[in-house]
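**Q** Compute the structure for the input listed below.
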Amino acid sequence: MTYFLHELMAKRIEMLKNVIPSISQVAIPVKPDNAFFRTALRGLQAPTQSLNVTLQQIAMPGPNDFADAFATMAKNDVDAFVILEDAVFVSNARAIADLAVKQRLPSAGFSEYAEAGALIGYGIDFIDMYRRAGVFVDKILKGVKPADIPIEQATKFVTMINMRTAKALSLSVPSSLIVRADEVIE
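**A** All right, here's what the predicted structure looks like:
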């Protein structure tokens, strides 16, 4: 199974732009030693241009760098922050979301990121993906060669809106976004 991260990231930026149409500078945390981030950022160039958004890469190799990264975002007049799925970022979602709110920076990321305190969470329903993985295992155990199993793209997505964070940032979330959400955190 696969999913296209740059498309998810573009959708997160679009959702932030729905809440705050004036957004023009969006920070994306990167891990300088991870080529995956460069690939994801290249895939974001066209969608962000169509939204009139400029991306700023902010180095965040690990938890010890989070505070400095947010200080850099403040100096660079960043309007919003969008985070990628990465083991370090996922395991530190609460700390990152807390820093974003403290800096009064609207942020979006994977769905659990909204649970941790970010404004918007949008991402793959990984539980659904894991269930589909069971289908692949079943086929392999029944003798199908893995190379003969077609790759599937994720089809189930989760949208979360954190209204507590919206209130803390003095933001009004459009009702069109709220009604599309799978979960609204009050």
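**Q** where exactly do the strands run in the protein?
**A** Under the criterion DSSP state E, strands of the chain are mapped to 25-30, 54-59, 80-82, 107-109, 120-124, 157-162, 183-185.
**Q** out of those strands, nearest to residue 73?
**A** Nearest to residue 73 among the strands of the chain is strand 25-30 (4.8 Å), distances taken as Cβ to Cβ. Every residue, glycine included, has its C-beta placed from N, CA and C.
**Q** Now do the closest one: which elements does it pack against?
**A** Here strand 25-30 touches helix 5-19, helix 35-50, strand 54-59, strand 80-82, going by 3 or more Cβ pairs under 8 Å, 6 or more residues apart in numbering; DSSP states H and E.
**Q** For the ones you listed, state which one has the densest average packing.
**A** strand 80-82 (a mean of 26; mean count of other Cβ atoms under 10 Å).
**Q** What strands line up against that strand, and which way round?
**A** strand 25-30 (parallel), strand 107-109 (parallel) (DSSP bridges).
**Q** How is this protein divided into domains?
**A** Following automatic domain parsing, one gets these domains for the chain: 5-124+158-185, 125-155.
**Q** buried residues in the last one?
**A** Within domain 125-155, the residues that qualify as buried by neighbour count (16 or more other Cβ atoms under 10 Å) are 126, 129, 154.
**Q** quick one: terminal-to-terminal distance for it?
**A** 8 Å (Cα to Cα, to the nearest Å).
**Q** what's the pLDDT at the residue of the chain most remote from its centre?
**A** Distance to the chain centre peaks in the chain at residue 143, reaching 37.4 Å (criterion: Cα atoms, centre = their mean). pLDDT for residue 143: 95.
**Q** what do you get for residue 2?
**A** As predicted, residue 2 sits at a pLDDT of 69.
**Q** leaving aside the residues next to it on the chain, what's closest to residue 79?
**A** residue 23 (4.3 Å; Cβ to Cβ, 6 or more residues apart in numbering).
**Q** Which residues are in contact with that neighbour?
**A** Applying Cβ atoms under 8 Å, 6 or more residues apart in numbering to residue 23 gives the contacts 13, 16, 17, 53, 79, 80, 106.
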